[in-house]
Every structure is written in structure tokens, then in C-alpha cells.
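S.K.: prediction below, plus the sequence it came from.
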Amino acid sequence: MEQKKYWQSFGELNNSAAHQKNVQDEFKEDLPFEGLDVQGATTPRRDFLKYVGFSTAAAAIAASCETPVKKAIPFINRPADVIPGVAEYYATTYIAGGDAIPVIAKVRDGRPIKLEGNELASWTKGGTTAQVQSSVLELYDTARVRFPFADKKEVTTFEAFDKMVAGALSGLGGAPVVILSSTINSPSGRQVISEFLAKYPGSRHVQYDGVSYSGMLQANEATYGKRAIPDYQFGNAKVIVSLGADFLGTWLSPVEFQRGYTKGRKIDPANPSMSKHFQFESMLSMTGANADERFTHKPSETAAVAAGLLAAVNGQAVTNLKSDKLKKGIETVAKELAANKGAALVVSGSNDVNVQILVNAINEAVGANGTTVSWGTTNLTRAGIDSDMATFVNELNAGSIGAVIVIDANPAYNYYDAKKFTDGLKKTKVTIALTEKNDETTQLCKYHLPTHNFLESWGDAEPKSGFISLVQPTIAPLFKTRQWQESLLKWSGNTSSFAEYHKNFWTARLGGSDTFLKALQDGVIEAGTATTGTAAFNSAPVVAAVAAAVPAAVKTGVSGKSADVEVLLYQKVSVGDGRHANNPWLQEMPDPITRETWDNYVMMSPALGKALFGIDLDDAKQSDTYEAFPVKPSVTLKAGAQTITLPILLIPGMEENTVAIALGYGRAAEVGKAAANVGQNAFPLATFNGTTVLLQTAGQVTEAAVGAPHKIATTQTHSSYEGRHEVIKEITLNSYKKNPHQIIEARAKELEPWGGLEHYEKDGTIYPVFDKPGIKWGMSIDMNSCYGCGACVVACTAENNVAVVGKPEVLRAHDMHWLRIDRYFTGDIKDPESIQTVFQPMLCQHCDNAPCENVCPVAATNHSSEGLNQMTYNRCIGTRYCANNCPYKVRRFNWADYTGADSFKHNQDELNDVVLMMNDDLTRMVLNPDVTVRSRGVIEKCSFCVQRLQDGKLKAKKANRPLTDSDVKTACQQACAADAIVFGNVNNSQSEVSRTRKENELRLFYSLEQIHVMPNVNYLAKVRNTDRLNAAHGHEEAAPAAAEGAEHGAHH
Amino acid sequence: MISYRSVVKRAVFSVLLLAVVSLGQNVFAQDGKALFMEKCASCHSVTKTLTGPALKGIDERVPDKKLLHAWIRNNQAVLATGNKYFNDLYLANNKTPMNLFPDLTDGEIDAILAFVKTEGDKPVVAATPGGDSPADKAQSSDSTLLYGILTLILAIIVFTLLQVNANLKKLSDDKEGVPAHEPVPFWRNKAYIALFAVILFIVGGYYTIQGAIGLGRNKDYQPEQPIYYSHKVHAGTNQISCLYCHGGAQDGRHANIPSLNICMNCHMAINEYTGTEKLYREDGTEVHGTTEIQKIYSYTGWDPAQKKYANEPKPIEWVKIHNLPDHVYFNHSQHVVAGKVACQTCHGDIQNMGEVKQFSDLSMGWCINCHRETKVQFNDNKFYSIYEKFHDDLKSGKLDSVTVERIGGTECQKCHY
């Protein structure tokens, strides 16, 4: 059989036995009838009848005897603008360390339940990330510390606590106080800190970031004289080169960068052009997956690659690199850069000062300074300097620090030498933690005064110089907590509350309380539009950097069951540096590349896998042995003094001898039930080169075990398109320019026997065509702007009360996401640079001729006159015929009582702690009251956020006006920073979705169009700015590439 | 189910009633009473001192009409001029400021004053009870009994005739010498037993199903509330607009039980029940209105003697009457604002109810029926301009009206999501 062009799993690539079985079986397991075996039944017929009789009678009695009396308790004195049942919206800011995204919090009856991006912020324009979307759940985290502690004992009042702290601080005898925090870019917060420090002479503030950008800050100091990070204008760049920077996912300010990047990636149908994105990297990152051309190198060669690129841009020869392919790649990229001077941008994710100096030199050479790299505004999201932290840790160990106040920093978990920090901290007399949770560092502190969640706080953030986003509380503090600013104020002798302090601070700065209130209402203060500015470049340090850019002699290679490898540590778009590890929404969100949940693991190339474990992925049987079962082989990795044992995943696109491990896992049990016992902590593998901490090291696989009981919960192989083709379409820019009509022509050709494009709806079926008066909802998804980041997935989860099922249930293919992002690979798995990746968001397509509807025996799913495929939970009896008959596999079945909606609590006995945590009364406060919480035994799926549609229509009706686009936005659409999703009324020719479909007619396609289900979701084909498209088999000019029988990631 | 006629009747009645009751929408310039009710009545009475002084005889106390107009429009400005009468009045009322009414025209103020004068001149008479109740008495209850009796009589006749027939047959058989069977008594007659079983099955099944359908439905539910709150006194006799207390009905899902501060807007001044009509509970016991008003004070912590909130307030736990299952989405503002449905359509003759009882069964059939029959504001609301096809059909006469059902009002996800 011909090899598949697009594949999601190796089984699909080889059409293996397990894959074929997978295609046959709709559900992954047999129905659990073990007790009802007719021969030798353990439950005799009489018992069965007894149980039936009893349960019927019990249910009848339970249901009918008495209607419970419900109470309605109104306010005593209702605040004038609070109307029970009507949501209010407050502008505030998502704060996590230095990250600050302006958001609007939706507050229902006093509870924040959903965050949306603030569209008034010019730099994010309402974009969010998965972390922002999920952060509202962290407010209701059951593991939050609920009152102050001193010596592990509860302190009942703040006054008593303040007294203890004052006593402790006054007894230091002149030893300095150090405030250890993550990056603080809050103007008022910085002032509070400096006022506090002024009270304690000799004291200082050390900023420390778990994943640091120290290399960049110091390189900029060396070459531009500023310890700052410039503003990267991806929108101005025609050529973008990333040296391992995951700028669409986790690097610096992904929302802003996604917006800028998207500017260059949107195809103007009249004049198709797009930016060209090159990625040099050692692992397959999410950003790399979106690149037009990708080159791989060893982590130890990063500096050499940067130096090579600099040399090539300056017309010199590339040296110090062994791979000819890489050299050629660098030369091609240099040519492109040189050809686009003033519209080119090079970024690097390395924390090595030398690499960043080289990158600065390249940017100078290609005219980026002042065009794509702007010094007019600076990025303030990261300020930690690694050597400052190292000095501080040495002082701790020397015992010269009197007191440490920890604010939102966790070095005991994420410092490369956590033991040294921990030992030092133990020697310190006074240790105070002002953190939200009892995390690894807090546990070592004598005093713990828990701080508010950001949704309970006052505050501000300045993520870019001159661009300020204010924080206001959206709920009264849930627990006996106090925000750290207020504590510092109290301890520095200021008696005013921080709310008052904050108000005065901004009233004075803005020149009046009216301006302050306006700013608070808008949420953002912008001095003006961002200006592109230049900075003077000092080329002196470049020579030394070039000289140092000789790759270290790192031995790599396999011998028997052990191998010398290079190790790369990376952040996932979900849990990041571990700050969000206790967020079940993020843990359960499949990773964009690996499609795995609830774990970290060792990503390695298929070649290394073959050498170590003998897994030949080209062999159908062997690929099944590796892939078809959740148990994965594992490796024990030794790097320096550290060892770590983790399961492996074979990922095409990885550099052959590099393995990659995600940070942020292996948290302490106190951090919460979702974080505990998930993965291993990889921070100890980081190395310190004397100046900065590098997230890479040389390591050795000392043990490669096949039988270790490591199970990995994937969503990758959960179901299949059963060999149907044309799920996705991809095309190169040149081919599109040459023949822009090729996609529509191919569609027309395929539909020709059934009436062609014009009459397909009517002629392709024996069913009548129904009227669509008034509204017809439709969605358009631009695959060119989907980078796979998953913000939409979490937004959907939050908006629609989608249940968390936990790892054991994901292992059984019971995940519940209404929206998934399918990841397709093309290319040769033996050649990492040939791998191309495509992301496709897949949700209910709301087919006008839906196959699910006509198989439902109880009409629980049917079609509305507005084109919605409606799912009525209270009518569903759980036959799952609909899921079976859905060609897109987007229907989800509630296999167990995930939500606690059943009356009988034993229905939850089999579920794990995480599900029970989600059912805690505290956590349930996050539920959206406008959406039914589904119980066991019913099917659910994307509803196009029907609650928002009804609300939008009502808004228009009440205002006596026609519906407009701004009335209705689906949660996924609103979350997307790249505006990949457009939604609206298709019957209105002026609506955005109608215009998008009309303007992009030539790129438009429907997934599986030929089966005549008439989806209401269309896609716009992915355009890749490259000459080479694996999927097209060399004759892409003739026909657009099509995904055949692509297997994708979800189930039922 | 409700018959078409009765719905129309009720709807017509409700619209009329809403026209009278609703204060915000139907104010005519010269309608002094309506204006008084809207602008003044929450603080003033004609004959009694409430938050503000009784207005009876105001034209005598302030003969300068121009000054009086100025005072009513902007009392603060008049106070600022140093007018002695009004400053004294202000002091006598504990410096409670009066609201400003800058928008009132001279004609409107005159109309209010004329109403105050005629009302003040009236001798004290018993208050007329509020609106007439709609005459939609259940008509079928009597005839059911009648049919039942008729059926029973006919059944007895049939039974008697069958017995007679059997006896006659036996006689004729005896006569003709046919060997007689031992007569089978009817309770052992298989035909009878079968007939009886079938009837029992049908009747029993009918009632079982009716009972099952009725589970969870609570039509006529009228629990005892912590305070005997009479809608009849408030919405009926005193004609307070429904939305004054249940403002949520025009803003969102819930009509909302008013918070205590809304009660105190009026009851800070109205501290006794002076209505001439006596109040009775369902069980016939008399309600002492003033005692019930006092209960608000105990909940809010108001001390009427000191005229201030002296004690700790506590919320009132009302018993919720109208309960919908959790999987139903219902939005009041959709019906009240967009649909312009009168409160009485679903809540019945609320302005004549003492303690509230559930008027409708709130079943899905009841909802659907109304959605099938009710016409939307198709031409008046610009939202519906997008339904071009229906507009064409209306013009061409193909359709005579557009019901809620036509625009998708009976589809599942109108209410279930």
C-alpha cells in the first residue's frame, strides 16, 4: 500500500495491524459486561431481577415522594449595579511572574468564571494563551493556603503575624534583608519594595526567574549599553529566523509575537505574499513546527550556528560546523536575510550571553535595529540576572544574610542547584514567604503569609515600557490571605492599605481621580503608540563572542544499551516552568507536538530509539509494539551528578542525538493533587556556565528499559477518519501564486458527478434541502494562522464546563475536549529536517446533513433552523450511535460521573483524585451557570457556544436592532491571539464570516467535503512559504496536497 | 392544556392591565394620578406623612404657584435662596433631601397638583379592590362529574340488560328443553373478568402515567412564607409596578426577589397596614398587616422609634415557588423586554393574590404551546429584519403572522444547553 502522505501516528504511517484494528473499533475497549457472562454468571437471574426491582422502587421513592423545598435569599442591601444572574465584566490583568496579559474577567454573582483578553490593549488586542485562559481555575485551587503560618502553626490574626515579623526583623542586628522575587514589573509594587528596603539599610531586591533571560539582558548590556530586552516587531519582518526560540509558544511574550507573526502570515487573496520563517533548533518545538524551513543541530552547536549565520550574512565562510546540510541551510538563510535588509529579524532562545551577542550582531548586519527590533519601547517581562542569584545563594551559604522575604519565587524547585539554595536558606535566621501556595521554597520558610490570587488583588503591571495594565479585584479574598504589597507596606511602617496606596499612586501619576477611574475601567494605560526606536550598537564584544563560538566537544553516540546524548530542557505551552502544574485544565490539554497529557517524558529521535531499543518505526509490527500500548520504554539519564528516569517518546524532527525534557513537572505533593506524582523535575539538569544558567547539558543514557511500567496518556491515536481523505489541504506559496485556482478546481472536479460546487447541496443527496431563514451560523478557520498553542482548547473547557477526566481516563480514550488540535506530520522520519507539521483545530462541524442526527433513536441530537447541530442532554440515553457515525469523531461520551452531577456518590469511586478535586465545592465555583453540567451516560460536543449565541441575539432584540458580529463570539474565537477563527451569521453577506469566505474563496475547503455532510465549519488551506512540500510527492503544481485517511487525535 | 380562546382572553386582559399598572411606559402628560404614582408616591402620600410630608392642602400652604413649581423641580435651589418656609420644612424632616425632577413640565406639575387636590378633598372611603379577576374559571370540572355519573348509569343499564338477556336466554332454553348450564355468576365469568382487567389496565395506566408526568410539577404550590407578603395589597390596591421590585425581569434571567433595601424605600415610612380590606391566609386565619410590616424591621435591623438601622440585619429566606429543572434555561428579559409578554401570562392573576401561588404548571408542554401560539414583534423589532423570507411571505399574504415557533422557538437549544 502506498505510504500515507499525512500521518499522526506511526501505525498510520505503516498501516499497521493495530492501526487497522483502531479504524475498525469505534470505542477502544469492550463494554464492561464481565459480571454478566451468561455461562457461569456470577450474578444469577434471580439476583438480577431482585436488583432491578429494588432499584426501580428505590428510584421511584427517591424521585417522587417529596419535592425539595428551595429557598431564595435576596440581598439585604443590593449594590446598585449588581443584578443577580447578570454577569459583570471587570478589566484586570493576568499576572504570573513577569508575564502580564490584560484581561477582562467575567464575574457571575460575585465569582469570576472566565477571562477574556482586553481588546483595548494595543499590544495584545484581546489575545490570550492557554495559561491565561486556565488561570481562573487557580483562584479556586483547593491547595491554596488558607491562613498565615508561623513555624507550621496557624496564626489567627494579621496583627499577631505582623508583630512576630516586626520582632524577627528588628532582631537581625544589622544583617541585610533580601527580597527574593520573580520579575516584578509593577510600578507600584516596585515602589513598595523600595520603600521597604529603605527601612532596612543594606538590604536589596534580587529578581529571579525560573526560566531566565539573563543571557539576553547581559548581551544587550554589552552591545547596546542597556540591560533591557527590546520590543520585537514580528509584523515588520519578511524573513524571520529563530535560533531555538519558541516565540509562538513560550518565549517572552507569545501573545504579542503571535499577533505580529500573524500579520506576515495572513494571505491577501489579491496579492498573495507572506513572511518566510526559518527555524534552527535541536528539538521539534511548536514554533519550529510552524516554520517554513527547519534545520536541526546539536544544542552544543548553537553558538556555532549563530556565528556561522553572522559570518554568512557578512559574506564570509561558515566554519566550525560539520554538517554540510546545516552549512548550506545557513547560507540560504543568510542570502534571504541579506535580500530583506530592514525587514529581517533573528531571535534566539538561548540563555548564553555569547549567542545573544552574535544574534545582536546579525540583527545589526541585516538592519533589524530600529525596524524589527525596536528600542523605542522595551520588554519588561523578564529582569532576573543569573549571576546576581548565584551571588545571593553564596551569601546565603556564608550566613551573611539576615532575612529573606520570598515573593512569588520558587528556587527550591526551579533553581539549577536547588540543594545549595535550600542549604543556604536553612542557615538564614528569618525566612518569610509571601507566596500563594505551600510550594517547595515556602515549606522551608519559618513564616508564611499567603498572598492573594491576582483576581483578588489590586495592582498593576508594565510588561512593556509605557504600556501599563491595571489589576483590580474581581472577588473578595476567599481565604485569610493578604497581598504581599500590603504586608511590605505594613512592615515598612506605612499604615494605609494597599488599595489606598495604589489609588493614590495612580491618581498622582495620572493627574486626577477621574482619569484613574477611567484607566481602571479600561484596564490599560498607554502613553502613546509604540514607536520603533534604535539603539547605538557597540560591536566590541562580538569578536570575543565569535571566538568563543566553537562547539564544545560533546561526545554523542550509542554503544549497546547506553548512549551519550545532549539534553535540552524546554517549557510546554501548558504548565510552563511549573507555576501552573496544579492546573488540571492545563495538565489535560494535549501537548501541541506530542499530543500527550499529564506527564513529562524524554523526547528522542526515531533513530536514537532504534539504536537504543531496536524499535524500527518503519516496521509495522515494531511500531505497533511501541505505539499501540500506553506502556512506554524508559531511560535513565545521567547528567553530571544528576540522574532522572523517564519514559521515552519517539518524535520525528528531533536532532538525532538530542533528547528533550519538559520543565515544570515533579512538583511537591503540597502544590496540589493535580501536580503531585506527575512527571519528574528536570530543573536540576540545567547547568551554570559561570554567567548564566543554560537549559542544556551533556548527558548519558545509562539504562534503557523496555518493561518499566511507565504509562503515557496520549490523545494521538484515539480514533481515525477510517481512510477517508481530504481532511486537510496544504499548498506552497509559489504553487498558489502560479495557480491560485487549484484548490477550488480540485474541489469542483471531485464534486462534479454530484452537481459540482453550485448544486452539490441539492444534487448530492436524496434528502430535501431545508430553508435557513434569518440566521445561519458558520465558522471559518484559517489553518495558516493556527499555530497549535491550545488557547482555544482551554477557553472552550472553561466556557462550557468541559470535565477533567484525569490520566487513567485519558489512557482509556475517555478525554472530553470539545475542541482538539490535530497534529499531522509529513516527511521522512529518518530525516528530521524533512518533517513538516500541520495543525488543524477540529470541533463539531455542525453539518447541515449530519450523520449523527439520523441515527439517534430518541432524537436527542437534531438540527436547528439556525444550522446548529443541537445536543439535548436531558433526552440522550447514551446509545453512542451518533459518536459512531460522526466522520470527524468530535462527540464525547460521559463514561463516568466526572462532574459529580449524579445523586449517588459511589458513581465516582473509580475516578482519581484530580476528578474529585474538580468536584470540590470550591473548584466548582468556576462552573459557568449558563451551561448544563453533564452527568454520566450522555454524549456531549461543541455547541458553537450556543449560550453566547442566545445571549447575543437577546442583546440585539432588546436593543431593537439587527444582530452584529460583535454580539456573538465563540470562546475559541475570542481566545485566539492570531484571529484564526471567524464566526458569525452566514446569511448576512456583510458579516465577517461571509466576507472571509468570499474573499478567500480560492483557499476555502471543507473537511471531508465529498461525503456530503455539508459542514458549517470551513477551513482555509495552509500555505507554506517553501519550495518543498512532502505531501505533494513532487507534483504539487498539478494538485493540492490532501490528507488521506489521516488519523487524528480524539476518540469515539 | 389552555385553550386558544382563554389564552387570547388572558393576553388581552394582561395587556390592558399592564397598560394600567406599568408606570414607566404609559404616562400621559395630563395624567396626574399616573405621574403622582411614578414620581411622588414612593415618598409622599396625599393624606399621610411618609418619608416626606402629606401633600393634602399643599396649594394652601404654598400659595405661590411659581415657587411651588420651582420647589418641585429643584428643591435644592429653592433651599439655597433661603426661603424660610421650605428651610423650616427641610429641618422638620431631618434634612432628608427631596429628589430633583428637572424634566417635569408645568402642565405635568399642575396635573399632579390637581390630582393631589381632588384626592385630598375626597372623604375617606374604603379602597376599591384592584383589577377585576379574569373570568377564566375552569368550566370542565362540573361536566366531568356529569359525564362520570352518566357513564356509571349507562354501565349499570348495560349490566342489567346483560343480566336480563342471560335470564331470558335461560328461560327460553328451559322452555326448549336445551340442557341448562349451571349459571356462572358474573364475578366468575371470564368475559367479565377480562373486561374488568382491560378497564382496570386502561384506567390504572392512565392515572399512573398522569401521576408520573406530574412528578416534579407543582401547579398551585403556595408555601407559607416568612412574611405574609400580599401582592394584592402592593400590585393590586396600591398599583406598584411589578418592575419596581422585580427589576431583574428586564435585565436578565432572574426576575429576582427584591432586596430588603427596596422594601425599606417605602416601608421606612409606611409602618402600619391601614388598608380597609382585611387580609386572610388560605386557611382563613386573619393576617395582621402591621405585624407583618414589623417583621421587615426585625430583618433589616431598623428601629422605627429612633429612625435608624440599629440592629444587625439578617436576610429573609423566602421559599422559592417557581422552580425549573437545572437543564432548562429561562430568561425573564427575553420574555418581558423582547417578547413584551405580560407578567400575568405566566404568573396569573398576581395582583389579586395574597400569598403567591404557582399559576402555571411550568411543564415543557406548557412552554411549547405558548411558543407555538405567541406571535413575535416581527415588524416592530428590527432584529427580525434579517428574516427576509418571512417578510416577503407576510407581504404576499402567504403568512399572516410569525409565531415564536417559526423563528425556531420550539427547537431544543432554545432552552436546553
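M.R.: That came in fine, so what should we check first?
S.K.: what residues sit buried inside the strand ranked longest in chain A?
M.R.: The longest strand of chain A (DSSP state E) is strand A:696-711. Using 16 or more other CB atoms under 10 Å in any protein chain shown as the test for burial, strand A:696-711 gives A:696-701, A:704-705, A:708, A:710. In short, each C-beta sits where N, CA and C put it, glycine included.
S.K.: off-centre distance for it?
M.R.: Strand A:696-711 sits 26 Å away from the centroid of its parent chain (CA atoms, centre = their mean, to the nearest Å).
S.K.: on that earlier part again, as TSV, the buried residues of strand A:696-711 with pLDDT would be great.
M.R.: As requested, these are exported to TSV (pLDDT from 0 to 100):
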residue	pLDDT
A:696	89
A:697	87
A:698	86
A:699	85
A:700	84
A:701	84
A:704	78
A:705	79
A:708	67
A:710	86
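S.K.: still on that earlier bit, from the contact counts, what lies against the longest strand of chain A?
M.R.: strand A:562-570, helix A:606-613, strand A:631-639, strand A:642-650 (3 or more CB pairs under 8 Å, 6 or more residues apart in numbering or on different chains; DSSP states H and E).
S.K.: please identify which of those is closest to chain B.
M.R.: Chain B lies closest to strand A:642-650 among these, at 38.0 Å (CB to the nearest CB).
S.K.: how about residues contacting the closest one?
M.R.: Contact with strand A:642-650 is made by A:10, A:594, A:596, A:599-606, A:609, A:613, A:615, A:617, A:626, A:632-637, A:659, A:661, A:679-680, A:682, A:684-685, A:702-703, A:708, A:710-712, as judged by CB atoms under 8 Å, 6 or more residues apart in numbering or on different chains.
S.K.: in the stretch 501-650 of chain A, where is pLDDT below threshold?
M.R.: In the prediction, the stretch 501-650 of chain A carries residues with pLDDT under 70 at positions A:529-530.
S.K.: returning to what we had before: any chance of the helices and strands packed on strand A:696-711 in JSON lines, with mean neighbour count too?
M.R.: Compiled in JSON lines, these are given as follows (neighbours: other CB atoms under 10 Å in any protein chain shown):
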{"stretch": "strand A:562-570", "mean neighbour count": "23"}
{"stretch": "helix A:606-613", "mean neighbour count": "22"}
{"stretch": "strand A:631-639", "mean neighbour count": "21"}
{"stretch": "strand A:642-650", "mean neighbour count": "22"}
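S.K.: for residue A:149, which of the ones you listed is the nearest?
M.R.: strand A:642-650 (31.4 Å; CB to CB).
S.K.: for the record, mean pLDDT for the helix or strand just after the closest one?
M.R.: Next along the chain after strand A:642-650, taking DSSP states H and E as the criterion, comes strand A:658-662. Here strand A:658-662 scores 94 as its mean pLDDT.
S.K.: stretch B:381-393 too?
M.R.: Here the average pLDDT along stretch B:381-393 is 90.
S.K.: what's the helix or strand for residue 210?
M.R.: Answering for chain A, as no chain was given. Applying DSSP H and E, one finds residue A:210 in no helix or strand.
S.K.: I was thinking of chain B, sorry if that wasn't clear
M.R.: Here residue B:210 is assigned to helix B:190-214, by DSSP H and E.
S.K.: which parts of that helix are buried?
M.R.: Within helix B:190-214, no residue is scored as buried using 16+ other CB under 10 Å.
S.K.: which residue ranges form the helices in the stretch 351-500 of chain A?
M.R.: Applying DSSP state H, counting those that start in this stretch to the stretch 351-500 of chain A gives helices spanning A:353-365, A:386-398, A:411-414, A:418-427, A:484-491, A:498-510.
S.K.: tell me which of the ones you listed sits most buried.
M.R.: helix A:353-365 (a mean of 27; mean count of other CB atoms under 10 Å in any protein chain shown).
S.K.: ok so residue A:930 is a strand residue?
M.R.: No: read with DSSP: H, G, I helix; E, B strand; the rest coil, residue A:930 is coil and lies in no strand.
S.K.: I'd guessed it sits against residue B:329; true?
M.R.: Yes: in this structure, residue A:930 is within contact of residue B:329 by CB atoms under 8 Å, at 6.7 Å.
S.K.: next SSE after the helix holding residue B:210?
M.R.: With elements assigned by DSSP H and E, the helix or strand that comes after helix B:190-214 is helix B:231.
S.K.: identify the residue nearest residue A:668 in space, chain neighbours excluded?
M.R.: Excluding its sequence neighbours, the residue lying closest to residue A:668 (CB to CB, 6 or more residues apart in numbering or on different chains) is residue A:440, at 5.1 Å.
S.K.: swap that for residue A:1030, please
M.R.: residue A:826 (3.9 Å).
S.K.: okay, now the one you found: neighbour count?
M.R.: Close neighbours of residue A:826, defined as other CB atoms under 10 Å in any protein chain shown, add up to 22.
S.K.: so how far is residue A:737 from residue A:270?
M.R.: Distance of residue A:270 to residue A:737, given as CB to CB, to the nearest Å: 12 Å.
S.K.: between these two, tell me which one has more neighbours.
M.R.: residue A:737 (12 against 6).
S.K.: sec struct for that one, please.
M.R.: Strictly by three-state DSSP, residue A:737 counts as helix.
S.K.: quick one: contacts of the helix or strand hosting residue A:220?
M.R.: Here residue A:220 sits within helix A:214-224, counting by DSSP H and E. Outside helix A:214-224, the residues within contact range by CB under 8 Å, 6+ apart are A:226-230, A:350-357, A:359-361, A:375, A:382-387, A:535-539, A:541-542, A:691-693.
S.K.: quick one, it and helix A:353-365 angle?
M.R.: Interaxial angle, helix A:214-224 versus helix A:353-365 (axes from the mean of the first three to the mean of the last three CA atoms, to 10 degrees): 50 degrees.
S.K.: run the chain-centre distance for helix A:214-224.
M.R.: 28 Å.
S.K.: helix, strand or coil for the closest residue to residue A:571 other than its chain neighbours?
M.R.: Spatial nearest neighbour of residue A:571, excluding adjacent residues (CB to CB, 6+ apart): residue A:250 at 4.4 Å. Secondary structure, three-state DSSP: residue A:250 is coil.
S.K.: quick one, what contacts residue A:250?
M.R.: A:570-573, A:576.
S.K.: dump the longest helix anywhere in chain A to PDB, restricted to CA.
M.R.: When chain A is parsed with DSSP state H, its longest helix is helix A:45-64. Presented in PDB, the C-alpha positions along helix A:45-64 are these (Å, rounded to 0.1, in the frame of the first residue of the first chain):
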ATOM      1  CA  ARG A  45     -31.000 -14.300  37.100                       C
ATOM      2  CA  ARG A  46     -33.000 -14.100  40.300                       C
ATOM      3  CA  ASP A  47     -30.500 -11.700  41.900                       C
ATOM      4  CA  PHE A  48     -30.600  -9.700  38.700                       C
ATOM      5  CA  LEU A  49     -34.400  -9.400  39.000                       C
ATOM      6  CA  LYS A  50     -34.100  -8.500  42.700                       C
ATOM      7  CA  TYR A  51     -31.700  -5.700  41.900                       C
ATOM      8  CA  VAL A  52     -33.900  -4.400  39.100                       C
ATOM      9  CA  GLY A  53     -36.900  -4.400  41.300                       C
ATOM     10  CA  PHE A  54     -35.200  -2.800  44.200                       C
ATOM     11  CA  SER A  55     -33.500  -0.100  42.200                       C
ATOM     12  CA  THR A  56     -36.700   0.700  40.300                       C
ATOM     13  CA  ALA A  57     -38.600   1.000  43.600                       C
ATOM     14  CA  ALA A  58     -35.800   3.000  45.200                       C
ATOM     15  CA  ALA A  59     -35.500   5.300  42.300                       C
ATOM     16  CA  ALA A  60     -39.300   5.800  42.300                       C
ATOM     17  CA  ILE A  61     -39.300   6.600  46.000                       C
ATOM     18  CA  ALA A  62     -36.300   8.800  45.900                       C
ATOM     19  CA  ALA A  63     -37.700  10.700  43.000                       C
ATOM     20  CA  SER A  64     -41.300  11.100  43.800                       C
END
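S.K.: after that helix, next one along is what?
M.R.: Toward the C-terminus from helix A:45-64 - assigned by DSSP H and E - lies strand A:71-72.
S.K.: per-domain residue ranges of the chain.
M.R.: Going with chain A. A:10-14+A:718-1048, A:214-379, A:554-714 (automatic domain parsing).
S.K.: to clarify, I was referring to chain B.
M.R.: B:31-121, B:376-414.
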